[in-house]
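A.B. asks: any chance you can model this:
(4 chains, ligands or ions: 6)
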Amino acid sequence: MSTRSVALRVRATECVGMYTLLRVQRGPIDPGLPGQFFMLRAEGLLLPRPMSLCTAAAGELGFLIDPIGTGTETLARLRRGDEVAVLGPLGHGFPLDATRPVLVGGGIGIAPLPYLSETLGRPPALLGFRSDAHAVAAELVPQADVVIDPVRVTEPLADLLVASPEATPLACGPEPMLEAVARLASHAWLAHEAPMACGYGACYGCVVPIDGELKRLCLEGPTVRASRLYEHCGDALSPAQARTAPEAGVAA
Amino acid sequence: MSTRSVALRVRATECVGMYTLLRVQRGPIDPGLPGQFFMLRAEGLLLPRPMSLCTAAAGELGFLIDPIGTGTETLARLRRGDEVAVLGPLGHGFPLDATRPVLVGGGIGIAPLPYLSETLGRPPALLGFRSDAHAVAAELVPQADVVIDPVRVTEPLADLLVASPEATPLACGPEPMLEAVARLASHAWLAHEAPMACGYGACYGCVVPIDGELKRLCLEGPTVRASRLYEHCGDALSPAQARTAPEAGVAA
Amino acid sequence: MTRILNASGCLDALAVPEVARSLDVFVTKTVTPLPRAGNDPVRIAEADVGMLNSIGLANPGIDAFVRDHLPRIEALGVVLWVSVGGFSAEGFAHCCAILDAHASIEAIELNVSCPNVTAPADEASSIVAAARAATSKPLYAKLSPALPDITAVARAAEHAGADGLSLTNTLRGLVLDRGTLEPILATATGGLSGPALRPVALAAVYACAQASDLPIVGMGGVETGEHALALVAAGASDVALGTVLFADPAAAERVRVELDASARRRGFASTDDAFRRAHGLASPRPNAPVGPQEEHGLLPIMATEPVSL
Amino acid sequence: MTRILNASGCLDALAVPEVARSLDVFVTKTVTPLPRAGNDPVRIAEADVGMLNSIGLANPGIDAFVRDHLPRIEALGVVLWVSVGGFSAEGFAHCCAILDAHASIEAIELNVSCPNVTAPADEASSIVAAARAATSKPLYAKLSPALPDITAVARAAEHAGADGLSLTNTLRGLVLDRGTLEPILATATGGLSGPALRPVALAAVYACAQASDLPIVGMGGVETGEHALALVAAGASDVALGTVLFADPAAAERVRVELDASARRRGFASTDDAFRRAHGLASPRPNAPVGPQEEHGLLPIMATEPVSL
Ligand SMILES: Cc1cc2nc3c(=O)[nH]c(=O)nc-3n(C[C@H](O)[C@H](O)[C@H](O)COP(=O)(O)OP(=O)(O)OC[C@H]3O[C@@H](n4cnc5c(N)ncnc54)[C@H](O)[C@@H]3O)c2cc1C
Ligand SMILES: Cc1cc2nc3c(=O)[nH]c(=O)nc-3n(C[C@H](O)[C@H](O)[C@H](O)COP(=O)(O)OP(=O)(O)OC[C@H]3O[C@@H](n4cnc5c(N)ncnc54)[C@H](O)[C@@H]3O)c2cc1C
Ligand SMILES: Cc1cc2nc3c(=O)[nH]c(=O)nc-3n(C[C@H](O)[C@H](O)[C@H](O)COP(=O)(O)O)c2cc1C
Ligand SMILES: Cc1cc2nc3c(=O)[nH]c(=O)nc-3n(C[C@H](O)[C@H](O)[C@H](O)COP(=O)(O)O)c2cc1C
Ligand code: FES
Ligand code: FES
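C.D. replies: Ligands and ions are numbered 1, 2, ... in the order given. Presented below is the predicted three-dimensional model:
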């Protein structure tokens, strides 16, 4: 793990639907594995913010940002030439040897999927968005089937799992979506989220229940096997039940 | 007194020797009388800083700034188009009906003198500076005789007062200089300084001993008759004594 | 309706009547039994996230205040609160007894928390009790945030007869001269106000609103309507402006407009909604989507259009 | 020589050994007699001039600490202080007695000031006395800045046998969600650290340095060498880094270099000069003109040259 943050220049910021793709010069930084994350900090922020690596074009790091608060807005407002402090790669990425991987993304949860898709050779992907405007970001993920609210991404996933139960969902999205994915497949891998102050195990701020105990997500995750996060997952519901259950995932 | 600060655009900042002349669009602001001051605030400052009006060209307010700390550095770094919040004019200016006025300035204390000189029809002026580089600012004051450290501005002033004892020094400069001027002429008017948080009587931060009591300089001054500031002034020393007394003013 | 006050010691109504009139309530600088010259200068300094002051309760004393100042303040036609200080419960009571006779005074704020004079925080309840016995006017106890448990003091003040709380006074802070490393204030340390105080005052208001039923005047680093709304959500009935007035004497008007806009943008019918929301008391009505926040430019606290008065 | 420590709770040496090794002393997160899961999430939030945390002393408890963690920390070869917490004087003493047997521990910090658990501030002196009886290791009492008179507590700790002071812990603060106005932390209020704490910690260090002869570890909002030098001038022998480590894990090295440069720029032969200057104790030697300050760019706490480890 790198423990030195590096000041890098912004190359460009691009609108991708409702999100912003922040493209930063790569400098000496290793892009790491898909699902790993970086802590990003810009002028005006005391704390850095965790961001998944979205794209890894040569010489570049790309981050897809949903501007939902002060930190993400500040990062999304950066312009070419601005500096951003980058620390990483941090945490654990998705498994790259999963059987028949299927990428599942909800809203800004698609952030790690473009890099993951490239790395895995463009496996099938299911993406859910809350509006057409948000769904523009699906262009970043090859081979993606897209659903829009009120359709939920777990509906096509349930169908897919009926057809090939051995497929492994690699999912990132809002908590209710992750929980619904877990109900469908206890062997799924979920990229979880939590507010993080440091990203490298120093602050104990990012704990979530893992294996039934509060553990630091930045060290244990952010990708975690579904069965470690949710007690009643997998076979608790048949795919068919899951599709119609009221608590099934929303495409946020 | 105006109690509404106005956001004005910077027109230009110019180097004048070691000082910076900040030229701001005048907007709806009244330039007031020479010796009055304005509170200036720029991005990054919590509190505004008091500044004398230096020049009053048409449509413009000019402030001469000595960058000695965070506030003055921030103001001196402003660039064309930046915004600065301006409150004023505040306080009391120099008397404009003084008998045979002679302007006396030490260092950044020359700030109010260009506007004062214009208003009074270019009376004689005596300016002291700590170096040739600082003395460049003398170009802003017409009819100025300049001395450089270790010569003190009170030396030519003492000579002048011997020649015309009825002349009224209108002085601005560092405290030791003001005290030395007061010793030479109790009828002098002195523009005094103190840290100010508000400039309009709200904070009680700017008190100095006036008439033997701590009074708010922003309301009583900043120009005050020498005899109100210093107990033993005027005739306490003859001009000749003053010239050689060790505590005579320094040209800071 | 949330009222906007000035924080005690941050405005002289006689110097700027129009600013005093722009407030819903004018609060005087703290008045003590005897006149006080205050501390020697330097008395103020900007810290990087706030300001320090060591004014030291400079004031003319209660007798001169009532004789010389009060009639002139009365002539301004503002709603008036008088802040009272003292160095013993009797000192406070003495001032309250004198002020009790003046119908022009709506309420008395008891400054039991000035960090620039010996702080009688432990004695808050005996001070409130003594003041209570001396006047029938509403009494607001102004507390320090530098207490291990501010709610205990708030409750003690309530039991002793306070009608409200003013939260908070300043924290003790220090700023050194950047060049020489000497303390800038003549007293070395002084009271820290402004932005650094904001999250601390907010916590104090929140905790005291849960611990006591007294109305609260919230203050500490308020610069915008959003800051004021946060205090209201935390539990303040009214909001006072201190440090911000030094940079922006017209702040009261501006904050009032921004406060209304901030509440409206969230779909709150009244500021009570904000309080209920923050305290999880009841599910507030479905709130309109919160649009982009007030955008503050370079100079958040300035009028955007040049205006002069 | 001013040493650079981490602030307790702001670094896990086992997660990042190289960061722990960049410090002169590694201080553990507070260890309590029994294991604690800590508070529910959300536990951290950025405030506009600081950060809030409500970790709630999550730790494995003294027995698991000594059994599982200590041997692994010892293997890192760092100078080690252990921070101890408890909910009674006996709790503190119990931990100290256990730690006393471990030669690898240079000193014990007594956290008598965590704002996220019931704060036993009044009992500081009985805690120190009980700990004193339980160990011969140097004891640093870590105090809260939220005290009406921190010097009284510092003196009490000194008389009870403390060998040093750690100043300061966090203030209590609150941040509301900008959109919903609900508290962000699950516990509502939490400990405020970072820039807002800086002038408060500086005042605490200054006051305690005048009131007591104990060495002081200064902390609170230190981001740069200038901030560290200010603490040293105010009276700190050593300086600890907390919040800044979250943004800049390499801060220790950087601050050490900047601190030396800051002292040298002022012509100080040693950091003692800075202390004497701030306290007006002796006229320091003629100091070189102070040139322009460290210029911090957009991102003050980043390495200027891209470097990776
Ligand atoms: C490992 C990891 C990887 C991430 N990758 C990305 C990414 O690639 N792109 C991206 O846009 N975001 C990503 N996030 C989420 C992002 O870090 C947060 O949205 C950001 O930290 C919020 O900071 P803020 O200051 O903008 O919002 P805040 O002001 O902190 O919060 C604004 C509002 O959003 C809520 N909120 C805070 N964090 C989250 C969250 N994680 N999810 C939902 N609501 C939240 C808050 O409670 C609050 O109501 C990632 C998070 C983690 C832990
Ligand atoms: C009525 C009035 C008019 C003024 N007009 C001008 C002007 O036209 N041009 C101009 O450059 N300045 C002027 N000043 C002084 C100017 O306001 C101060 O230099 C400024 O406020 C200092 O702020 P700072 O943040 O830069 O320095 P700080 O960081 O506050 O101080 C830096 C150092 O300078 C010292 N210091 C602070 N104030 C003064 C002071 N007034 N004189 C000397 N040392 C000080 C401090 O103690 C400290 O050591 C005026 C002051 C007053 C009261
Ligand atoms: C210059 C100054 C003087 C003050 N004088 C008093 C006072 O006399 N009495 C009092 O109760 N509080 C006094 N205060 C504290 C304020 O009333 C207020 O509690 C504090 O400044 C926090 O609010 P703010 O952050 O908005 O300034 C003073 C504050 C300042 C800055
Ligand atoms: C996330 C976090 C956890 C903390 N945990 C502890 C702790 O366990 N024990 C303790 O004594 N102080 C703890 N503190 C307080 C710090 O040690 C330090 O006193 C405080 O943060 C001020 O320093 P700073 O402003 O540099 O962060 C913690 C602070 C933070 C931010
Ligand atoms: S983010 Fe700090 S410990 Fe995980
Ligand atoms: S500067 Fe505030 S009272 Fe004079």
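A.B. asks: how near is the closest residue to ligand 1 within the stretch 51-200 of chain C to residue D:240?
C.D. replies: Nearest residue of the stretch 51-200 of chain C to ligand 1, counting by C-beta to the nearest ligand atom: residue C:199, 14.0 Å away. Backbone N, C-alpha and C define where each C-beta goes, glycine included. Using C-beta to C-beta, to the nearest Å, residue C:199 is found at 21 Å from residue D:240.
A.B. asks: list the buried residues of the lengthiest strand in chain A.
C.D. replies: If you go by DSSP state E, chain A has its longest strand at strand A:6-16. Buried residues in strand A:6-16, counted by 16 or more other C-beta atoms under 10 Å in any protein chain shown: A:6, A:7, A:8, A:10, A:11, A:13, A:16.
A.B. asks: return the helix or strand in the chain with minimum mean pLDDT.
C.D. replies: Answering for chain A, as no chain was given. Lowest by mean pLDDT, DSSP states H and E among the helices and strands of chain A is helix A:239-244, with a mean of 50.
A.B. asks: isn't there a strand covering residue A:187?
C.D. replies: No. Using DSSP: H, G, I helix; E, B strand; the rest coil, the assignment for residue A:187 is coil, not a strand.
A.B. asks: quickly note the distance from it to residue B:118.
C.D. replies: 85 Å.
A.B. asks: quick revisit: and of the buried residues of strand A:6-16, the nearest to residue D:194?
C.D. replies: Using C-beta to C-beta, residue A:7 comes nearest to residue D:194 of those, at 20.3 Å.
A.B. asks: hmm, residue A:83 and the closest one touching each other?
C.D. replies: Yes. Look at residue A:7 against residue A:83 with C-beta atoms under 8 Å: they come within range, at 5.0 Å.
A.B. asks: one step back: and the residue of the stretch 51-200 of chain C closest to ligand 1, its phi and psi?
C.D. replies: phi -70, psi -30 (degrees, to the nearest 10).
A.B. asks: check contacts around residue 44.
C.D. replies: No chain in the question, so chain A it is. residue A:74 (C-beta atoms under 8 Å, 6 or more residues apart in numbering or on different chains).
A.B. asks: nope, chain C please
C.D. replies: So, once contact is read as C-beta under 8 Å, 6+ apart, residue C:44 ends up touching B:47, B:195-197, B:203, B:205-206, C:51-55, C:185, C:190.
A.B. asks: what does residue C:98 give?
C.D. replies: Residue C:98 touches C:62, C:63, C:66, counting by C-beta under 8 Å, 6+ apart.
A.B. asks: quick one: pLDDT of the last one?
C.D. replies: Looking at residue C:66, its pLDDT stands at 98.
A.B. asks: would it count as being in a helix?
C.D. replies: Yes. Counting by three-state DSSP, residue C:66 is part of a helix.
A.B. asks: on that earlier part again, what angle separates the helix or strand that the longest strand of chain A is followed by from strand A:6-16?
C.D. replies: With elements assigned by DSSP states H and E, the helix or strand that comes after strand A:6-16 is strand A:19-25. Calculated by axes from the mean of the first three to the mean of the last three C-alpha atoms, to 10 degrees, strand A:19-25 forms an angle of 150 degrees with strand A:6-16.
A.B. asks: perfect, I'm done here.
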